[in-house]
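S.K.: sharing a model prediction with you, sequence too.
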Amino acid sequence: MMKETTIELQSSEHLWELLDKKIDAIFIRKFNPNEALAWWKTDIVVQGTLLKNISVRQMEFDINTNLEGLKTLLALNTYNMAIYQFEKAVPDTLNIDGPEPGRLKILRQNGLHHIFFVNYEFVTISSFDEDFINALENIRKD
């Protein structure tokens with residue numbers, strides 16, 4: 001069973017402070033680098049092919065990274081993001097959106113510790129580690 005808390009965010013640096021720095025495998029589900037419905041110019045590599053100076057919009061993808069990679073992504077100030085902290089990188093075959101019941105059990109078996117759902121100025125943190133959530137709640141009270 002996961003324990004949950006919601007915290008009002010002051011900034012992306014504040015979110016960084018809330019993360020568990022002992023867990024370096026980060027998975028971000030359906031990352032959208034530009035939430036506005038607008039075209040932007042970019043270069044992108046698709047299946048090893050470089051597409052230069054193309055226009056994209058509503059681009060969304062999953063990311064396997066580490067804490068340093070996440071720190072770079074947080075600097076983009078994305079307002080909606082689902083961040084999962086795992087013991088190891090998420091394997092190709094793991095479906096984060098698997099069917100209930102049993103989805104959380106499968107994710108835990110694959111090393112899931114915490115989930116951070118960022119929604120504008122709030123983050124909802126779910127964790128299998130009750131002490132982690134209690135520590136965050138105690139910091140918030142100070």
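M.R.: Cool, the structure landed.

S.K.: work out which residue lies at the spatial centre of the chain.
M.R.: Ile83 (1.5 Å; CA atoms, centre = their mean).

S.K.: what about that residue, distance to Gln47?
M.R.: With distances taken as CB to CB, to the nearest Å, Ile83 is found 26 Å from Gln47. Where C-beta positions appear, they are placed from N, C-alpha and C, glycine not excepted.

S.K.: equivalent analysis for Phe86, please.
M.R.: Counting by CB to CB, the gap from Phe86 to Gln47 is 25 Å.

S.K.: which of these two has more neighbours?
M.R.: Counted by other CB atoms under 10 Å, Phe86 and Gln47 do not tie: Phe86 has more neighbours, with 21 against 4.

S.K.: which one is the residue nearest to the centre of the chain nearest to, not counting chain neighbours?
M.R.: Distances taken as CB to CB, 6 or more residues apart in numbering place Phe116 nearest to Ile83, at 4.2 Å, with adjacent residues excluded.

S.K.: can you give me the pLDDT of the one you found?
M.R.: For Phe116, the pLDDT comes out at 97.

S.K.: for it, give me its contacts.
M.R.: Residues in contact with Phe116, defined by CB atoms under 8 Å, 6 or more residues apart in numbering, are 15, 18-19, 81-85, 123-125.

S.K.: could you flag which of these are buried?
M.R.: Neighbour counting by 16 or more other CB atoms under 10 Å classes 15, 18-19, 81-85, 123, 125 among these as buried.

S.K.: and the longest helix along the chain, how far out from the chain's middle?
M.R.: Looking across the chain with DSSP state H, the single longest helix is helix 130-141. Put simply, helix 130-141 sits 19 Å off its chain's centre (CA atoms, centre = their mean, to the nearest Å).
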